[in-house]
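1. I would like the atomic coordinates for the input below:
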Amino acid sequence: MTTRELADVAAPRRRWRDRAFVALVLAVLASPALLLLNWTDERSAPVTVATPSSGNSATTKPAIDVIAVTRQLKLVTVRIDSIVRTTSTDPRWNGTASATLEAKVAYSYGVDLSDLPASALRPIPSGGYVIVIPPPQRLSTEVDTSHPVNEVVSATGMRFKRFSGQQQLTAAHKTIYDRAKSQPLPPQTMTLVRQQTAEQVQMLLGNLLADGRTIIVRFSDD
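-> Reported below is the predicted structural model:
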């Protein structure tokens, strides 16, 4: 076989190899573009979040969820404004000095719902709930002695208001806080505290549940 004939036979093989090489180069060059396109598509794809169906929550909310929501209220407080009075007296052989002080006092009553047991929830036939909570307890006492409601200083015999009476007024200022702490509220005021506490729990729980069910609040000492 002559040299020309050998060249004619080898030519098709070289063309095939050249074409294969070109195809390989194009495939390699195209791969980063495909990877970049795929990565871009993944980043731009919107994230979908499954949402619960909009069925009637009043028929699907379990009782344990109601207890959990009630515990989120933690501390519900009611403020009661009142007046506290105290008198300091110093009787001696030469007369008596006394002072009476009246000041505003604010009492805070509260109910801690953070540890409410599951047994506190009772279903009722209408589909609502009865929540049994602890009775409100006094949490704090704040006395405003900087703006007294009334101050009365008196002295008899040989005692002087300016000296002995002012001493008793100072003593009254020192004891009025303890007097306010030990002062009981009238029964009608405590009834109001319980009523307002129940109304607050009922309103807050109704807003959190938002399922339209009837909520009845009762106290454990009823």
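2. Identify the residues contacting Val78.
-> Contacts were defined as Cβ atoms under 8 Å, 6 or more residues apart in numbering; by that measure Val78 touches 108-110, 136, 193, 196-197, 200. C-beta: built from backbone N, CA, C; applies to glycine.
3. switch to 7 Å and redo it
-> Counting by Cβ atoms under 7 Å, 6 or more residues apart in numbering, Val78 makes contact with 109, 136, 193, 196-197, 200.
4. Could you check which helix or strand contains it?
-> strand 75-92 (DSSP states H and E).
5. Quick one: the strands in this structure, in order.
-> Counting by DSSP state E, the chain has strands at residues 75-92, 95-112, 121-123, 129-133, 137-144, 150-155, 215-219.
6. for the third one, which positions count as buried?
-> Burial within strand 121-123, assessed by neighbour count using 16 or more other Cβ atoms under 10 Å, is assigned to Leu121.
7. Sheet partners, orientation included, of it?
-> Strand 121-123 has the following sheet partners, assigned by DSSP bridges: strand 129-133 (antiparallel).
8. could you give me the average pLDDT of the strand it pairs with?
-> Averaging pLDDT along strand 129-133 gives 90.
9. Just the C-alphas of stretch 162-175, formatted as PDB.
-> Extracted in PDB, the C-alpha atoms of stretch 162-175 (Å, rounded to 0.1, in the frame of the first residue of the first chain):
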ATOM      1  CA  ARG A 162     -44.300  72.200 116.900                       C
ATOM      2  CA  PHE A 163     -42.100  69.900 118.800                       C
ATOM      3  CA  SER A 164     -43.900  67.000 120.400                       C
ATOM      4  CA  GLY A 165     -46.700  66.900 117.800                       C
ATOM      5  CA  GLN A 166     -44.200  66.800 114.900                       C
ATOM      6  CA  GLN A 167     -42.400  63.900 116.600                       C
ATOM      7  CA  GLN A 168     -45.600  61.900 116.600                       C
ATOM      8  CA  LEU A 169     -46.200  62.800 113.000                       C
ATOM      9  CA  THR A 170     -42.700  61.400 112.100                       C
ATOM     10  CA  ALA A 171     -43.600  58.300 114.000                       C
ATOM     11  CA  ALA A 172     -46.800  58.000 112.100                       C
ATOM     12  CA  HIS A 173     -45.000  58.100 108.800                       C
ATOM     13  CA  LYS A 174     -42.800  55.300 109.900                       C
ATOM     14  CA  THR A 175     -45.700  53.000 110.900                       C
END
